[in-house]
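**Q** What follows is a predicted protein model with its sequence.
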Amino acid sequence: MAAEPEPTGRWFQLLVLSLAVLLVLGTWFSGTAVSGSLRDAWGIDTIGVATLTVAVQLGFAASALLLAMLGIPDVVPARWLILAGGLVAAGANAAFALLATDLASAVPFRFLTGAGIAAVYPVGMKVLSGWFRRQRGLAVGTLIGAITVGSALPHLLRAAGVLLQADWQAIVLSASVGAALGAVAAGATVADGPFTVAATRFSPAVARAALRERSVLLANLGYLGHMWELFAMWSWIPIFLAASLATSGISDPAAASLIAFAVVGAGGAGCLVAGLLADRLGRTTLNIAAMAVSGSTAIFTGFLFGAWPVLLVAVALVWGVSVVADSAQFSTAVSELAPPGTAGSALTIQTAAGFTLTAVTIWGVSLLGPTDAAGWRVAFGALAIGPALGILAMWRLRQRPEATRMANGNR
């Protein structure tokens with residue numbers, strides 16, 4: 001029998017979802033992008049800067065868990081949920097710019113920004129599963145790439161703001177405008193696909209049953225190793241680059257922000273390539289390779305503080321590509337390995353645990369005091385611990401017979 005044709009309109013849905021996610025994610029690191037201005041305006045230190053990002057992480061984790069527990073993604077149509085989440089993120093980010101006067105007043109708005117984002121890209125992933133069966137790896141890689149470029153977007157906006165001599169509030173507000181436009185575009189055009197199925201309601205007991213499976217536990221441990229590094233890198237590499245370039249005599253904040261945008265945004269290319277290769281090479285193969293490169297580059301980058309700028313940027317770009325290339329494959333692995341009916345709950349626990357862990361590492365880097373070459377070596381070296389443990393977990397998973405359930409038999 002001929003294979004059932006893929007639904008028409010799937011590429012348009014992928015395009016709209018990717019654009020919406022990219023624009024909404026522009027609110028995620030808006031606080032980090034203007035951290036230099038906030039240091040001057042509010043007198044906050046590196047721990048305060050980290051706290052602004054950590055609040056977003058915790059807001060995302062709490063909201064994602066609550067949405068799953070209430071089964072909201074299966075009650076509210078995806079387009080309305082993405083619209084609402086995007087508008088919440090845009091509004092909270094705008095309130096951060098217009099109403100916050102110090103760190104304490106900013107944190108609730110950053111928390112709400114993360115809570116809004118939790119209704120956007122996880123729901124977008126669910127929508128994609130309803131439109132793609134074949135080429136799903138490419139589709140998921142494209143969406144993760146959009147998340148990555150969106151996370152880099154605030155640095156591009158800051159570079160433009162510096163050139164236009166705009167204040168930090170205007171830079172943050174521009175991210176909110178983009179997020180609102182992305183949310184409205186999704187609300188007007190996104191539709192559930194013909195392959196969409198209702199997810200099972202989140203259950204801690206069901207999640208525990210999935211995690212009792214050794215292979216699922218190892219996939220989650222690999223994911224936690226990945227998350228240990230990822231968001232801390234995205235949070236701190238812009239600050240590291242600006243400080244290192246200044247040490248080398250390049251004190252142009254616009255140039256530093258453009259380089260930070262390129263380094264973080266380059267991960268979008270890594271996601272696309274990984275999405276194309278994952279089913280062919282195998283999940284553990286790709287993830288081990290990506291974490292080996294990213295962990296090694298994390299250590300090497302720390303030793304390049306104040307080094308020749310061309311070398312520094314080249315190495316940082318490699319880190320930016322590799323640090324997120326494996327991201328989608330951990331969730332895909334859990335969906336393939338979890339017992340029937342347990343994948344949804346297992347993935348909810350994975351997401352909540354992963355984003356909570358990022359709060360620890362983002363704060364942890366600030367506590368290590370990365371203000372000079374020695375501090376950055378220690379801080380970025382500590383980030384390499386996650387990939388090392390992730391590689392171990394993926395290697396152990398690779399040895400198990402059930403690993404053949406991943407990627408059509410490609411371990």
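**A** Everything's here; your move. Numbers count the residues shown, from 1 in each chain.
**Q** If you count neighbours, what's buried in the longest helix along the chain?
**A** Counting by DSSP state H, the longest helix found in the chain is helix 214-247. For helix 214-247, the neighbour count (16 or more other C-beta atoms under 10 Å) marks 215-245 as buried. Every residue, glycine included, has its C-beta placed from N, CA and C.
**Q** could you dump stretch 44-51 to CSV, C-alpha only?
**A** Extracted in CSV, the C-alpha atoms of stretch 44-51 (Å, rounded to 0.1, in the frame of the first residue of the first chain):
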residue,chain,number,x,y,z
ILE,A,44,22.8,45.6,41.0
ASP,A,45,25.7,43.1,41.0
THR,A,46,26.3,39.9,39.0
ILE,A,47,24.0,37.9,41.4
GLY,A,48,21.3,40.5,40.7
VAL,A,49,21.8,40.1,37.0
ALA,A,50,21.5,36.3,37.3
THR,A,51,18.4,36.7,39.4
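**Q** So what's the gap between that stretch and the chain middle?
**A** 20 Å (C-alpha atoms, centre = their mean, to the nearest Å).
**Q** And for stretch 166-177?
**A** Relative to its chain's centre, stretch 166-177 lies at 21 Å (C-alpha atoms, centre = their mean).
**Q** Contacts for it, please.
**A** Stretch 166-177 is touched from outside by 26-27, 30-31, 33-34, 37-38, 41, 90-91, 93-94, 96-98, 153-154, 157-158, 160-161, with contacts defined as C-beta atoms under 8 Å, 6 or more residues apart in numbering.
**Q** Buried residues, it. List them.
**A** Across stretch 166-177, burial judged by 16+ other C-beta under 10 Å covers 168-169, 171-176.
**Q** what's the next secondary structure element after the one helix or strand Ala92 maps to?
**A** Assigned by DSSP states H and E, Ala92 belongs to helix 78-98. As assigned by DSSP H and E, the chain's next helix or strand after helix 78-98 is helix 103-117.
**Q** could you point out which element follows that next one?
**A** helix 121-129.
**Q** who are the neighbours of that following helix, in terms of helices and strands?
**A** helix 10-24, helix 78-98, helix 136-163 (3 or more C-beta pairs under 8 Å, 6 or more residues apart in numbering; DSSP states H and E).
**Q** Walking through the stretch 301-411 of the chain, point out its helices one by one.
**A** For the stretch 301-411 of the chain, applying DSSP state H, counting those that start in this stretch gives helices covering 309-325, 327-337, 343-367, 373-383, 385-398.
**Q** Now render those helices as CSV, adding mean neighbour count and mean pLDDT.
**A** What follows is these, written out as CSV (neighbours: other C-beta atoms under 10 Å; pLDDT from 0 to 100):
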stretch, mean neighbour count, mean pLDDT
helix 309-325, 21, 94
helix 327-337, 24, 78
helix 343-367, 21, 86
helix 373-383, 19, 92
helix 385-398, 21, 93
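**Q** before we move on, the earlier item: out of the helices and strands packed on helix 121-129, nearest to Ile288?
**A** helix 136-163 (17.3 Å; C-beta to C-beta).
**Q** May I have the secondary structure class of the nearest residue to Gly161 once chain neighbours are set aside?
**A** Nearest residue to Gly161 in three dimensions, chain neighbours excluded: Ile171, at 4.0 Å (C-beta to C-beta, 6 or more residues apart in numbering). At Ile171 the chain is in helix, as set by DSSP: H, G, I helix; E, B strand; the rest coil.
**Q** pLDDT at Ile171, what is it?
**A** At Ile171, the model reports a pLDDT of 96.
**Q** Which one, of the helices and strands packed on helix 121-129, ends up nearest to Ser322?
**A** So among the helices and strands packed on helix 121-129, helix 136-163 is nearest, using C-beta to C-beta, at 11.9 Å.
**Q** Find the residue ranges of the chain scoring beneath the pLDDT cut-off.
**A** Along the chain, segments meeting pLDDT under 70 span 1-4, 135-137, 197-201, 341, 343-344, 369, 405-411.
**Q** So what does Ala100 have for phi and psi?
**A** phi -70, psi 140 (degrees, to the nearest 10).
**Q** ah, wrong one, I meant Ser248
**A** According to degrees, to the nearest 10, Ser248 has phi -90, psi 0.
**Q** How much space separates the closest residue to it other than its chain neighbours from Ala260?
**A** What sits nearest to Ser248 in space, not counting adjacent residues and going by C-beta to C-beta, 6+ apart, is Pro309, at 5.4 Å. Using C-beta to C-beta, to the nearest Å, Pro309 is found at 13 Å from Ala260.
**Q** before we move on, back to that, what does the next helix or strand after the longest helix of the chain rub up against?
**A** Where DSSP H and E defines the elements, the next helix or strand beyond helix 214-247 is helix 253-265. With contacts defined as C-beta under 8 Å, 6+ apart, helix 253-265 is touched by 33, 36, 148-149, 151-153, 155-156, 158-159, 162-163, 234, 237-238, 241-242, 245-246, 250, 313, 316-317, 319-320.
**Q** will you turn the buried residues of stretch 166-177 into TSV that also has distance to Ala115?
**A** Shown next, in TSV, are the buried residues of stretch 166-177 (distance: C-beta to C-beta, whole Å):
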residue	distance to Ala115
Trp168	23
Gln169	22
Ile171	22
Val172	17
Leu173	19
Ser174	21
Ala175	16
Ser176	15
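**Q** Now the two most distant members of the residues you listed.
**A** Largest separation among the buried residues of stretch 166-177 by C-beta to C-beta: Trp168 and Ser176, giving 13.0 Å.
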